[in-house]
Structure formats: structure tokens, C-alpha cells
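Novice: Would you be able to build a 3D model of this:
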Amino acid sequence: MFDLSLFDLSLLAACALLAGLIDAIMGGGGMIQVPALFSVLPGMVPASLLGVNKIASIIGTAGSAMQYTRANKSPWKLVMISSTAAFLASVGGAYLVTQIPNQWLRSALPFFLVALLIFNIKSNAGLIHEPRHKHHKQNAIASAGAGVIGFYDGFLGPGAGAFYKLFYTRVLGFDFLRSAAPSKFLNIASNLGALCVFFYMGFIDWRLGIFMAIANFAGGQIGSKIAIKHGNSFIRKAFFISVTALTIKTFYDAFLK
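Specialist: Sure thing, here's the model as predicted:
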């Protein structure tokens, strides 16, 4: 299967399961899944590996999103409008990344993450559910933010799920539990937008993608149940750990790799 040994397949499945679990709780599962794919399959075209990652992430994220939706009512109108913006922006980002280098963004990203981390540690964002905007204004702000993050997800990608959650808690005033489902659906939309570009350009391995997706889905189910059980304080701590790890990884990728 996929010309891989049983050990390699087991390693990919384990990494996909762990990625789904981490992504469901705090976001950032791609930090595990993408390096695993590149390590096990160094001869595969990078765009195809990114396509595999998108397939697995979409299915795993969808599973955890439904868990969160059952636990807390989602603002469906807001989700649909902003998801459309995320999808369209991601298509643009994914196409652009095939045309121009993205090293400048890689270099700036770790410093941006450090600023966001410090900014949020000093606040109680995510612990209290106090939406800051209403109706049309909320839709407009959510769509603008989703568009920016969606473009980033298509263009580069690491930590997009964490960025969506950060946007909902810091800008829109949601708590972590109530931001979980909307941020997951936005992440699905931007992953789907990028996947459409990869599919159109022929960079897809569906068999490997579905194989990874099964394990990612299982991890997402476990992670979402843990998060729902332990609540906002637990998710907040896990979120800061995730963003710190993402900062270290993006710094390494930009300057030391």
C-alpha cells in the first residue's frame, strides 16, 4: 500500500491520530502531520503531500466540529458567511503559493506569533463568553478576519486553526468552547479551498489521504471529548502550549532549517 512498509504506515497513522487529537483541543495538528509526511515520503511532490494533509485535516476537523456543535449551539449564519470568505481567500492563497516564493512570510511569522502570545497571556480572552459585536457588524468583522486567515491557510498554513480560534476569542469575544465549532468549520472551509486548487493542478493522492484521514478523525474524536470535559481553562492552557510550539517551529523553519 503506497509502496510503504508496515512501520512507515503505522508511523503515519500514529502521527495523524496525534495530530487530530491536538488539533481538536487547541489547533496546530499540522505541525505533527505535515513533517511526518515529508519525513516518510521525501520523494513525493511537496504539493501532493500538502494535499494529503488537507484531506486528512478536513475529515478529522469535521468530526471534532460536530462534537463541539452537539455540546454548544453554533451561530450558523455567522459560520456560513465567514466560511465562504475563508474558502475563497484560501483558493487565492493556494494559487498564489504556486506562483511566487513565500519565504518573506515564513520569516515574519514567528515574530507575529510571539506578539500574539504575549498579547493574549495578559488578558482573559477565551475564559468568558461576551460577544463584542452584533448582527451585520459581527458578520462583516468575522468575514474579514476569516478572509485574512483563509488566505494565509492556502498560502502557507501552519497554525491556521489556532489563528481562527484566536480571532474568535480575542476579536469577537467568544469563549474557547463556543469558539471551537466555528473555528473548526472555518478551518474546514480554508482547507477545502486549498484542496480544490491542489486537485485542479493534479497534486492529490486520495488513497493516502483517506488512510491518514481515518486516523486523524479518531484523534479528533478523542481530543474534542477531552476538551469538552475539562472546559475553557484547560483549553486556554493547551492553546498557549500549542502557539508556543508553533512559534518555535516556524522560527526553526524560517531561520535554522
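Novice: show me where the stretch 151-257 of the chain has helices.
Specialist: Counting by DSSP state H, counting those that start in this stretch, residue ranges of the helices within the stretch 151-257 of the chain are 160-170, 176-200, 206-251.
Novice: Turn those helices into TSV, columns for distance to residue 48.
Specialist: The way it works is simple: take the backbone N, C-alpha and C, and place the C-beta from them, glycine included. Converted to TSV, the helices of the stretch 151-257 of the chain look like this (distance: least, C-beta to C-beta, whole Å):
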stretch	distance to residue 48
helix 160-170	20
helix 176-200	8
helix 206-251	9
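Novice: Tabulate these in JSON lines, adding columns for mean neighbour count, distance to residue 43 and mean pLDDT.
Specialist: Shown next, in JSON lines, are these (neighbours: other C-beta atoms under 10 Å; distance: least, C-beta to C-beta, whole Å; pLDDT from 0 to 100):
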{"stretch": "helix 160-170", "mean neighbour count": "26", "distance to residue 43": "27", "mean pLDDT": "85"}
{"stretch": "helix 176-200", "mean neighbour count": "25", "distance to residue 43": "18", "mean pLDDT": "92"}
{"stretch": "helix 206-251", "mean neighbour count": "20", "distance to residue 43": "13", "mean pLDDT": "85"}
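Novice: Figure out which of those is closest to residue 72.
Specialist: helix 176-200 (5.2 Å; C-beta to C-beta).
Novice: The closest one to helix 160-170, inter-axis angle?
Specialist: If you take axes from the mean of the first three to the mean of the last three C-alpha atoms, to 10 degrees, helix 176-200 sits at 140 degrees to helix 160-170.
Novice: which stretches of the stretch 1-150 of the chain form helices?
Specialist: For the stretch 1-150 of the chain, helices defined by DSSP H, counting those that start in this stretch occupy the ranges 6-25, 30-40, 46-71, 76-97, 103-121, 135-155.
Novice: Figure out which of the helices of the stretch 151-257 of the chain is closest to residue 80.
Specialist: Minimum separation from residue 80 across the helices of the stretch 151-257 of the chain (C-beta to C-beta) falls at helix 176-200, 8.5 Å.
Novice: Check which residues of stretch 133-153 are buried.
Specialist: For stretch 133-153, burial by neighbour count (16 or more other C-beta atoms under 10 Å) applies to 138-139, 141-143, 145-153.
Novice: contacting residues around it?
Specialist: 77-78, 81-90, 92-93, 105, 131, 160, 163-164, 167, 171-173, 186-187, 189-191, 193-194 (C-beta atoms under 8 Å, 6 or more residues apart in numbering).
Novice: at 7 Å what do you get?
Specialist: Residues from elsewhere that reach stretch 133-153, judged by C-beta atoms under 7 Å, 6 or more residues apart in numbering: 78, 81-83, 85-87, 89-90, 92-93, 160, 163-164, 167, 171-172, 186, 189-191, 193-194.
Novice: Okay, buried residues for stretch 70-82 please.
Specialist: Residues of stretch 70-82 classed as buried by neighbour count (16+ other C-beta under 10 Å): 71-72, 74-75, 78-79, 81-82.
Novice: And the helices of the stretch 151-257 of the chain: which comes nearest residue 36?
Specialist: helix 206-251 (9.1 Å).
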